[in-house]
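Asks: Could you look at this predicted model? Sequence included:
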Amino acid sequence: MLKPCKHIVVNELPKLQGSNIVACRETFRIRAVIHQTPFRYLPVMKTLTLNRELYFNYAARTVGLLLSAIYFFVAADQLVGQSEPTNNASIASLNSDDDGKKKFSLADIPEGITSFGGAIANNKLYVFGGHTGTAHSYYESGQNKTLFELDLAKPTQWNKVADGLGLQGLAMVSHGGKLYRLGGFHAHNKEGEKHDLRSVADFAVFDFTTKKWNALTPMPTGRSSFDAVVVGDLIYVIGGWKMNGTMGTEWIQSAIAIDLSKENPKWTELPQPPFQRRALSVGCQDNKIVAIGGMQQKGGPTKKVAIYDPVTKIWSDGPSLPEGDNMEGFGSSCFLVGDRLVVSTYGGNVYRLDKTMAKWEKINTLESGRFFHRLLPLNDQNFVLVGGASMETGKFYELEVLSKN
């Protein structure tokens, strides 16, 4: 197996010491590696955001190996003067590793984002909204307003499709070849000003012809930091809270659904969930809704899981996430991959729900866990992790493709 190396990103180009090189966002971009094994083992690169002091702590290898890495990656990635990283990195869409397993290579996301909407429609991957600023600092210009598209048939470059209202803490789903976005919050304040964050009740469908979002029946109340899933023709919305600017925040306990097969669909309330949580993930298996983890109104983060059966209209307890502390359930992402629900957690653990929905089966441990990201299926076997961040390494630009087996 190939051993992963790390892709280091810092804010300024330091002196060439040890075996570390940087991708300098303010000056120019170089890709390089910290070799954990001999040079023949090439990287699956991760992003680390390091300040100068932490960087020098990492510098511990030989100058000769450093120069080899410079030569290899400068030739492959080129220099970009006074600009952000390029969006059209040269990649191969499909190849095989040493074990003969197929693997995908997808272009880096154009912008580091968290708490965004992501969906796949018509063999294209879409992301919209999200937080682009520094952690826990929210302002209008720090919210992504662009709908980005990656053609999975030729995944070498992301394209800007349309702009809209900057939102984060929203959900986006696809159904019948259409793209729907729901809720989120908009920052009405500028950078440095007191937070004025307001959840919206928006429900909209994207028109691929006019390149515009068309408003549909709004949700009964503003809602953000929730999640949504499509089962059959219904969109289910669970969790979240309503942020009211300077008037405080209301936790939401209701769960709602809308039937897209209806000519004039309206929102209906489900039986009340036995919890109040935000920053949870919601998926499905065997046509049942699975609500994973989140932050509780009382008690902090949780690994608990709840399952809703649309046939019996009953909520029941599901298997809690098995490892780590309660932060494992905070900002996770899940999706049905083939016939199994797969979840990616804060601590880098990746699980699939067993066929009986009674326990979680661990299928992978990531080198660096993500939260407030999106897990999306590429086919019945493979899925991709998009965006998000790590407490230790900052925001992710790389898309990571994994298998559910």
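Replies: Good, I have the coordinates.
Asks: how's this structure carved up into domains?
Replies: Following automatic domain parsing, the chain resolves into domains at 7-77, 94-403.
Asks: Reformat the ones you listed as TSV; add mean neighbour count.
Replies: All C-beta atoms are positioned from the backbone trio N, CA, C, and that covers glycine. Formatted as TSV, the domains of the chain follow (neighbours: other Cβ atoms under 10 Å):
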stretch	mean neighbour count
domain 7-77	16
domain 94-403	19
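Asks: Which of those domains comes out lowest on mean pLDDT?
Replies: Mean pLDDT per stretch puts domain 7-77 lowest among those, at a mean of 32.
Asks: Surely residue 377 is in contact with residue 340?
Replies: No: checked against Cβ atoms under 8 Å, the pair residue 377 and residue 340 is beyond contact range at 10.3 Å.
Asks: ok, which stretches of the stretch 51-200 of the chain are strands?
Replies: 94-96, 102-104, 117-121, 124-128, 146-151, 158-163, 171-175, 178-182, 185-187, 197-199 (DSSP state E, counting those that start in this stretch).
Asks: Out of those strands, which gets nearest to residue 298?
Replies: For those, distance to residue 298 was read as Cβ to Cβ. The smallest value, 20.2 Å, belongs to strand 197-199.
Asks: Report the distance from that closest one to the chain centre.
Replies: 21 Å (Cα atoms, centre = their mean, to the nearest Å).
Asks: got the contact list for it?
Replies: 138, 169, 183-189, 222-224, 240-245 (Cβ atoms under 8 Å, 6 or more residues apart in numbering).
Asks: Can you identify the element that follows that strand toward the C-terminus?
Replies: Downstream of strand 197-199, the next assigned helix or strand under DSSP states H and E is strand 203-207.
Asks: So which residues make contact with that following strand?
Replies: Counting by Cβ under 8 Å, 6+ apart, 147, 162, 178-183, 212-219, 258 sit against strand 203-207.
Asks: can you rerun that using 10 Å?
Replies: Applying Cβ atoms under 10 Å, 6 or more residues apart in numbering, the external contacts of strand 203-207 come out as 119, 121, 126, 128, 147, 161-162, 164-165, 172, 174-175, 178-183, 212-219, 235, 237, 258, 260, 265, 267.
Asks: nearest residue to residue 348 other than its sequence neighbours?
Replies: residue 369 (3.0 Å; Cβ to Cβ, 6 or more residues apart in numbering).
Asks: right, and the one you found touches residue 390 too?
Replies: Yes: with contact defined as Cβ atoms under 10 Å, residue 369 reaches residue 390; the gap is 6.1 Å.
Asks: what residues are shared contacts of the two?
Replies: 346, 348.
Asks: Mind jotting down where the helices sit in this protein?
Replies: In the chain, the helices defined using DSSP state H lie at 52-58, 63-77.
Asks: Centre of the chain to stretch 200-207, how far?
Replies: 20 Å.
Asks: can you give me the strands in the stretch 301-405 of the chain?
Replies: 314-318, 333-337, 340-344, 349-353, 360-365, 374-377, 382-386, 389-390, 394-395, 400-403.
Asks: packing partners for the first one?
Replies: Identification of packing neighbours for strand 314-318 by 3 or more Cβ pairs under 10 Å, 6 or more residues apart in numbering; DSSP states H and E yields strand 288-296, strand 300-309.
Asks: Listing partners with orientation, what would you give for that strand?
Replies: Take DSSP bridges as the rule and strand 314-318 pairs in its sheet with strand 300-309 (antiparallel).
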